[in-house]
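Enquirer: Sequence and predicted structure, then a few things I'm wondering about:
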Amino acid sequence: MRKVTLLFGLSVCLLSVSCQDQPVPRAARSTHQAFDLVGFLDQEAKSLEQAHAQVKKTVLEDGQVMETKTMQDIEWAQELGTFSEADLNKPALLGLFDVQKTTNAQGQQVYQFTAKEDTDAMVQKATYTLDGQGRLVQLEATLLQKNFLFTTHKQLTLHAQPGTHPQLQSYSLDESQTLLFSNTERYGVKGEVVR
């Protein structure tokens, strides 16, 4: 029964993705209200592929380490694709966030975007930490997707070291999903770039 429920949920997810509008050219869909995350991810994917970078990946299920191994020949655009969900520069998201700017102890600029209460944006919170030259040091984002069949909660974290190529150091995704009439499943992936 659990497999049937899971397969049904995945089928609905795939159907909803396949019914979405065609992608809009990047120049037409950018509002520049936040750091250019999509541009950063594109640049890093290319840089990581050119460097033939490997990743030490740890897979977790319900908080327990299931497997850790070093992987090579990675499709980096696909590997980092989930992080583009935290992009705040889509025209539909303009004005949906409260923004707080602070400076941390290292002199880095911290921009915290929090979804306004009356919005249904998938990104609930995103915190970008930038160095003095506006380069990404860290991203933390909380995403929530809810409908009548399932609730998915994602916590994304990405660490970069500006001035190195590639800049990406590590990333993680912690996700919990509750399907209708089912228990909550929790899993995660942590990746550490190996040079």
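Expert: That came through fine.

Enquirer: Point out where the protein drops to low pLDDT.
Expert: Within the chain, the ranges that satisfy pLDDT under 70 run 1-30.

Enquirer: where along it do the helices fall?
Expert: In the chain, helices defined by DSSP state H lie at 2-18, 37-50, 76-79, listed in chain order.

Enquirer: Quick one: residues contacting the residue nearest to residue 140 when sequence neighbours are not counted.
Expert: Using C-beta to C-beta, 6 or more residues apart in numbering and skipping residues adjacent in sequence, the residue nearest residue 140 is residue 127, 4.6 Å away. (Each C-beta comes from the backbone N, C-alpha and C, glycine too.) Residues in contact with residue 127 (C-beta atoms under 8 Å, 6 or more residues apart in numbering) are 110, 111, 112, 113, 138, 139, 140, 141.

Enquirer: between these, which is nearest residue 132?
Expert: Closest to residue 132 out of these is residue 110 (12.6 Å), distances taken as C-beta to C-beta.

Enquirer: shouldn't the closest one be in contact with residue 126?
Expert: No - using C-beta atoms under 8 Å, residue 110 is not in contact with residue 126, being 11.3 Å away.

Enquirer: show me where the protein has strands.
Expert: 54-61, 64-71, 97-103, 109-115, 123-130, 136-146, 150-160, 168-179, 184-194 (DSSP state E).
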